[in-house]
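K.L.:
Got a predicted structure here, sequence first:
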Amino acid sequence: MTSSVRVRFAPSPTGPLHMGGVRTALFNYLFAKKHQGTFILRIEDTDQTRFVPGAEEYIIESLAWCGIQFDEGIREGGNYGPYRQSDRKALYEQYAQELIETGKAYYAFDTPEELDQLRKDAEQKGETFTYDAKSRLSLKNSLAFTPEETRQRIEQGDPFVIRFRMPEQEEVVMEDLIRGTVKVNTASLDDKILFKSDGMPTYHLANIVDDHLMAISHVIRGEEWLPSLPLHQLLYEAFGWKKPAFAHLPLILKPTGKGKLSKRDGDKMGFPVFPTEWTDPSGEVYSGYRESGYLPEAFINLLALLGWNPGSEQELFSLDELIEAFSLERVGKSGSRFDPDKAKWFNHQWMQAHKPDELAEQFRELLKARGHSASSEQALYLVNLLRERVNFLSELWNESYFFFEAPAEYDEKVVKKKWNSEVAQWVEDVLEAIKNQASFESTELEEKIKAYIHEKQMNPGGVLNALRLCMVGASKGPHLFDIMSFLGKEETCARLERALQQLPR
C-alpha cells in the first residue's frame, strides 16, 4: 500500500541555503522516510526581482552533499510537475479569478506611489496604514467601484493586483502539530496580495495552489511562516479544499541565545552558517561546513538535535537512525541555541566513527594540495594514529606536517629547557645505536633504544625529549617511536645529524 504522506521542501532561489533551511529539508525528509512517504523539491521563484543566479543549483548540490535525496523534483521529475513555480505560471491566474468570482478576492488599482503616500500620512499621525477591512472601501478597488468602472479600468489596461478579501471580525482556529491550537482574529490581518501586476502570483497563492495540486499531506516549515497560517487556512477554505496538516519548526538561535541565527552571524562569530561555500554575484565568499572540514554525517546530526529531542541520552545518529527515531511530537516549540563548540564535538565523534580508509583517501588529497604524497597505507596509518587528536580532517596537517617536512627551526623554549651539551652527547651516542638497528618497527625500535639508554645510564626523559625535538622541532606529536618508524632509518638519522649540527653544543 502506498503511503499517503507527501511532503515538500520549497526554497526560493534568492541566495545560499541557510542551515535553518537545511534543517527544514532534513525534518521533511525524515518524516517522509519514517512514513514511507514521498519527499518533493519545489523551487518557489515567483519573486523574480530577488532571483539570484546559481542559487537553485547551490540548493540542490548542498542538499546532495548532506545526503538528502528527493523522490520528485526539478531533476527527478514526477507526476505532479512542473516543480519550478515559474514553469507553472499559467496555472495561477485561473485560481485568482476563481476567488474573484466567488467574492473571496478583489481587484485593487492603487499604485505603489499612492500606497506609499498613505503610509507616510499615517506615520505623521502616529498611526500605521493597513490595507484591510476597515480601509478597503475608501481605496481604489473593485469593492469600492461599480462593476462597470472596474471592467472599464481593466479594459483600458490600468495596472492592478488581486487581493484576498479578509473576513471581518472572524476567529480563525488552527491546529499545528507542534504548537497545538492557535487562534487569530481576522481584525488583526490585512488583505494580502495574491496576484501581482506582473502576471505572477505571490508566495501565498502559488504556495497554496501548488500544495493542493501536488497532494501535499503535511506542510513542515519554519516558525517564520506561522503568521501566514491564518491566510493560508482561509485560502484552503475559500477554495473548498482539504487543508494539509501544518507543523512550524522552532527557530535556530544565535550562540548567545538571543535572536535568530542570521546569515551574517557565522562570519562575525567564526563559524559557517551555510552547508557549502557560497560566492555571491558580487564575489563575496561565505564559508561552508563542507569546506570547513565538517563531515556531512556530523552536520546532519547536529542539525537534527536543534529543535528535536530523541527522548533518550543518545546523541550520535546516522541518517538511517534518525529516520527510525524521528517524530514531530518530539519537536519543541521554543528556539534552539546553536553551539559552535558542540558542532565541533559532533565532527570529532564522526571522525572517530568514519571508515578510516575513506578518511585516508581524503587526507591524501589534502597532502597532495600541499605538495606531498603518501601511499594509501601511509595515509591510513597516520589517520589511525592521529584522528583522536583532531576535530577536522584539515587539522591532521597540523598534527602530521613533521612526518613530511624536516624541522627548519627548533622551538627556542624547548631548546633552552631540554637541550645542553650533555644531552647533545647522548643524542650523538643514540644516533650510532640507531644506525646499527636492523628493524625499524616501532615497538622493537623502542625496546632496543630504551635498553641502550638504560645500559649507558643516560637520563631516559632527557634523551627522549631531545630525540623528539630533533624529529619534530618542538615538544609535540604522537608516540616518538611511531614517528621514527614512519620516517625510516635514513630520514631519522638525517634529522638527528642536522639537529646536532644546528643546535648549540
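P.N.:
Received, thanks.

K.L.:
Report the buried residues of stretch 404-412.
P.N.:
Within stretch 404-412, the residues that qualify as buried are F404, P407, Y410, D411, counting by 16 or more other Cβ atoms under 10 Å. (Glycine included, C-beta is placed from N, CA and C.)

K.L.:
What of stretch 423-431?
P.N.:
Going by neighbour count (16+ other Cβ under 10 Å), the buried part of stretch 423-431 is V423, A424, W426, V427, V430, L431.

K.L.:
in a strand, that's where the fifth one is, yeah?
P.N.:
Looking back up the chat, that one is V430. No. Counting by DSSP: H, G, I helix; E, B strand; the rest coil, V430 is not part of a strand but helix.

K.L.:
and it, what is it in contact with?
P.N.:
When the contact criterion is Cβ atoms under 8 Å, 6 or more residues apart in numbering, the partners of V430 are I449, Y452, I453, M458, V463, L467, L496.

K.L.:
Can you tell me how far it is from T492?
P.N.:
With the distance defined as Cβ to Cβ, to the nearest Å, V430 ends up 10 Å from T492.

K.L.:
And the pLDDT for K258?
P.N.:
Model confidence at K258, expressed as pLDDT, equals 87.

K.L.:
What's the local residue count around it?
P.N.:
Counted with other Cβ atoms under 10 Å, residues neighbouring K258 total 9.

K.L.:
Now name the helix or strand holding it.
P.N.:
Following DSSP states H and E, one finds K258 outside all helices and strands.

K.L.:
do the same with the one 5 residues further on
P.N.:
K263 belongs to no helix or strand when assigned by DSSP H and E.

K.L.:
Just the CA coordinates for the helix or strand of the chain with the lowest mean pLDDT, please, in CSV.
P.N.:
Ranking every helix and strand in the chain by mean pLDDT, DSSP states H and E puts helix 265-269 at the bottom, with a mean of 80. Written as CSV, here are the backbone C-alpha positions of helix 265-269 (Å, rounded to 0.1, in the frame of the first residue of the first chain):
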residue,chain,number,x,y,z
ASP,A,265,26.3,35.7,12.2
GLY,A,266,28.7,33.0,11.1
ASP,A,267,31.4,35.1,9.6
LYS,A,268,31.1,37.5,12.5
MET,A,269,31.4,34.8,15.1
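
K.L.:
show me where the protein has strands.
P.N.:
Defined through DSSP state E, the strands belonging to the chain, from first to last, are 6-9, 38-41, 105-108, 161-164, 171-176, 180-185, 193-195, 218-222, 245-249, 252-253, 278-279, 285-286, 336-337.

K.L.:
and those, which is most packed in?
P.N.:
Counting by mean count of other Cβ atoms under 10 Å, strand 6-9 has the highest mean neighbour count of the strands of the chain, with a mean of 26.

K.L.:
what are the pairing partners of it, and which direction each?
P.N.:
Partner strands and pairing direction for strand 6-9 (DSSP bridges) are strand 38-41 (parallel).

K.L.:
What average pLDDT does the partner strand get?
P.N.:
Taken as a whole, strand 38-41 has a mean pLDDT of 98.

K.L.:
what's the answer for stretch 27-34, then?
P.N.:
Here stretch 27-34 scores 98 as its mean pLDDT.

K.L.:
re earlier: export the buried residues of stretch 404-412 to TSV and tack on pLDDT?
P.N.:
Rendered in TSV, the data for the buried residues of stretch 404-412 read as follows (pLDDT from 0 to 100):
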residue	pLDDT
F404	97
P407	96
Y410	97
D411	96
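
K.L.:
Of those residues, which is the nearest to E388?
P.N.:
The shortest gap between E388 and any of those belongs to F404, at 20.2 Å (Cβ to Cβ).

K.L.:
Without its sequence neighbours, what residue ends up closest to that closest one?
P.N.:
On the basis of Cβ to Cβ, 6 or more residues apart in numbering, the spatially nearest residue to F404 that is not a chain neighbour turns out to be H372, at 4.5 Å.

K.L.:
Report pLDDT for the one you found.
P.N.:
Reading off the per-residue confidence, H372 sits at a pLDDT of 96.

K.L.:
can you check T49 too?
P.N.:
Each residue has a pLDDT score; the one for T49 is 81.

K.L.:
and it, how many residues sit next to it?
P.N.:
Neighbours around T49, by other Cβ under 10 Å: 7.

K.L.:
ok, it to K435 distance?
P.N.:
75 Å.

K.L.:
How about G67?
P.N.:
52 Å.

K.L.:
now swap in P250 and tell me
P.N.:
Distance, P250 to K435, using Cβ to Cβ: 66 Å.

K.L.:
tell me the contacts of T279?
P.N.:
T279 makes contact with V285, Y286, according to Cβ under 8 Å, 6+ apart.

K.L.:
what's across from it in the sheet?
P.N.:
So, taking DSSP bridges as the rule, T279 has V285 as bridge partners.

K.L.:
residues near R330, how many?
P.N.:
13.

K.L.:
same question, H212
P.N.:
By the measure other Cβ under 10 Å, the count of residues near H212 is 17.
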